[in-house]
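Enquirer: Return a 3D structure for these sequence lines:
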Amino acid sequence: QLVESGGGLVQAGDSLRLSCAASRGTFSRYAMGWFRQAPGKERELVAGMNWSGGSTYYVGSVKGRFTISRDNAKDTVYLQMNSLKPEDTAVYYCTAEFLGTERLSGNYWGQGTQVTVSS
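Expert: Down below sits the predicted model:
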């Protein structure tokens, strides 16, 4: 089970940190990632981290602004989002994949958290 938190309404240029707490399973053996889906658009992988934590992936539009990290002691993955832009507005979903890579597809999903960036 994955439970996201930290979404909200912010202005362009602001920062947000999303959190995703996992229960069940061995968290440290799961690749973790964040997808997002904006209205009328397909869901896209925004950031991913492989199960060992040694590799990360970022979609081009967020490189240098977003950072994914994980705390295995807390079974939690984070997405630090800086310099937010209106085009970052979307529902953000946490996902996990057992022994996955940083470009995970995701086997388990959270319920999603809304991020809205006003201009």
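Enquirer: any idea how far Cys20 is from Pro86?
Expert: Taking C-beta to C-beta, to the nearest Å as the measure, Cys20 falls 24 Å from Pro86. No exception for glycine: its C-beta is placed from N, CA and C like everyone else's.
Enquirer: So these two - more neighbours on which side?
Expert: Between Cys20 and Pro86, counting by other C-beta atoms under 10 Å, Cys20 is the more crowded of the two (25 against 11).
Enquirer: Would you map the strands across the protein?
Expert: Counting by DSSP state E, one finds strands in the chain at the ranges 2-5, 8-11, 16-22, 30-37, 44-49, 56-58, 66-71, 76-81, 90-98, 108-109, 113-118.
Enquirer: Please identify the most buried of the ones you listed.
Expert: Of the strands of the chain, the one with the most neighbours on average (mean count of other C-beta atoms under 10 Å) is strand 30-37, at a mean of 25.
Enquirer: Only the C-alpha atoms, please, for that one, written as CSV.
Expert: Extracted in CSV, the C-alpha atoms of strand 30-37 (Å, rounded to 0.1, in the frame of the first residue of the first chain):
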residue,chain,number,x,y,z
TYR,A,30,11.5,-1.9,-4.6
ALA,A,31,12.2,0.6,-7.3
MET,A,32,10.2,3.7,-6.5
GLY,A,33,8.9,6.4,-8.8
TRP,A,34,6.6,9.3,-9.3
PHE,A,35,4.2,9.6,-12.3
ARG,A,36,2.0,12.5,-13.1
GLN,A,37,-1.1,12.9,-15.2
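Enquirer: Who are the packing partners of it?
Expert: Counting contacts by 3 or more C-beta pairs under 8 Å, 6 or more residues apart in numbering; DSSP states H and E, strand 30-37 is packed against strand 16-22, strand 44-49, strand 66-71, strand 76-81, strand 90-98.
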